[in-house]
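Student: sequence and predicted structure below; questions after.
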Amino acid sequence: MAAIASVAMDATAMAALVRDGWLDAELAGLLWLLAESRVPLVVVGTDAAARDRVLDAVGGLLPDGARRATVRRDDDFEWLREAVELGWRGDRLRDHRVQPDAVSSADGVLVARGLADEEGVGGERARIVVRALALGYGLLATMTGDGLDEVLSTLAGPAVGTDDDERSRLGIVVVLGHDDTASRIVAAHYVRPVAVDPHGHVQRLPPAVLSTWNPARNAWDHFAWGVLAELGDRTGRAPLEVEQEQARRASALAGGGAVPGV
């Protein structure tokens, strides 16, 4: 049975990452704004402890009342109402009734540590997790790798077998790096979901870069301004409001993490 728990927003862990130089307040404020809307997020890197620290910090930014379902490496998804619809084997669920407190796409966030890893949530279970995003579930996942390309290729490989449209719903992919002094987020990408324009044409746009670490400046370069309208669609806000709310959260994180009215 999955561990299902309601959450209350707590930004102190993310504020600590900002203080420790893992990311700056501007990127952290954007991650907070997106996490509030349960936009999926994948943390990729080679250090498992570092991935978990970032994942846990983002988990604290989920909206009050969001329900996290931690996916087991041997899960049968009896807590996931749409498991068979998503391709899980019905014979595995024959002797299981859907749990009365099963998560739903209205409030559920799937937590998958080691997504597509042999010792984590691998194979067809990883495929079910990714497919669930199309129904509106949120996601907090960690993956082993060194960048977005490896995330996409791993999830496309025969062991998992997701298709392009399924992978397009991964949301935010943050990449962790490490040098002689610190761990930090070296890149953040927005994987843009497949969409249909007003004329009925399918739109498949490439991922957008939100932020990258610039060693020459010893600081982050930010590019989210290029996709503010799309991020606004994900959060139910106008582009100007996205900028304003991001700045408000960035200021709060720089000061410790409390944002009145959030």
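Tutor: Noted; the coordinates are in hand. Remember, it's a predicted structure, so these values are computed and weren't measured experimentally.

Student: and the gap between the closest residue to Asp117 other than its chain neighbours and Ala57?
Tutor: Nearest residue to Asp117, sequence neighbours excluded (CB to CB, 6 or more residues apart in numbering): Thr144, at 5.7 Å. For every residue, glycine as well, the C-beta is placed using N, CA and C. To Ala57, Thr144 is 19 Å away according to CB to CB, to the nearest Å.

Student: looking at these two, which has the bigger crowd around it?
Tutor: In this view Thr144 and Ala57 are compared by other CB atoms under 10 Å, and Ala57 has more residues nearby, 25 against 20.

Student: now the more buried one: which helix or strand?
Tutor: helix 48-59 (DSSP states H and E).

Student: one more: Ile4?
Tutor: Per DSSP H and E: strand 3-6 holds Ile4.

Student: going by neighbour count, list what's buried in the next helix or strand after that strand.
Tutor: The first helix or strand that comes after strand 3-6 along the chain, using DSSP H and E, is helix 12-19. Within helix 12-19, the residues that qualify as buried by neighbour count (16 or more other CB atoms under 10 Å) are 13-15, 17-18.

Student: the strands in the stretch 101-250 of the chain, which residues?
Tutor: Ranges of strands within the stretch 101-250 of the chain are 108-112, 138-144, 171-178, 183-191, 195-196, 202-203, 208-214, 219-222, based on DSSP state E, counting those that start in this stretch.

Student: quick one: closest of the ones you listed to Ala48.
Tutor: Checking the strands of the stretch 101-250 of the chain against Ala48 by CB to CB gives strand 138-144 as the closest, at 7.4 Å.

Student: now the angle from that closest one to strand 171-178?
Tutor: For strand 138-144 against strand 171-178, the angle by axes from the mean of the first three to the mean of the last three CA atoms, to 10 degrees is 30 degrees.

Student: strand 138-144: how far from the chain's middle?
Tutor: Relative to its parent chain, strand 138-144 has a centroid offset of 6 Å by CA atoms, centre = their mean, to the nearest Å.

Student: what's next to it, contact-wise?
Tutor: 38-46, 48, 51-52, 55, 58-59, 62, 66, 68, 108-117, 120-121, 129, 132-133, 150-151, 154, 170-171 (CB atoms under 8 Å, 6 or more residues apart in numbering).

Student: where does the stretch 1-150 of the chain have low pLDDT?
Tutor: Across the stretch 1-150 of the chain, the ranges flagged by pLDDT under 70 are 1-2, 90-100.

Student: got the buried residues for the helix holding Ala57?
Tutor: 50-51, 53-55, 57-59.

Student: could you pull out the helices for the chain?
Tutor: For the chain, the helices defined by DSSP state H cover 12-19, 25-36, 48-59, 90-93, 123-132, 148-156, 164-167, 228-235, 239-254.

Student: just these: most buried one?
Tutor: helix 25-36 (a mean of 24; mean count of other CB atoms under 10 Å).

Student: still on that earlier bit, dump the buried residues of helix 12-19 to a markdown table, plus distance to Ser251.
Tutor: Shown next, in a markdown table, are those (distance: CB to CB, whole Å):
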| residue | distance to Ser251 |
| --- | --- |
| Ala13 | 18 |
| Met14 | 13 |
| Ala15 | 11 |
| Leu17 | 16 |
| Val18 | 11 |
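
Student: check the residues you listed and tell me the two furthest apart.
Tutor: Spanning the widest gap among the buried residues of helix 12-19 are Ala13 and Val18, at 10.1 Å by CB to CB.

Student: elements contacting the strand holding Ile4?
Tutor: Applying 3 or more CB pairs under 8 Å, 6 or more residues apart in numbering; DSSP states H and E, we find strand 3-6 packed against strand 67-70.

Student: the residue nearest to Val196 when sequence neighbours are not counted: how many residues sit nearby?
Tutor: Spatial nearest neighbour of Val196, excluding adjacent residues (CB to CB, 6+ apart): Val202 at 5.8 Å. Val202 has 9 neighbours, counted by other CB under 10 Å.
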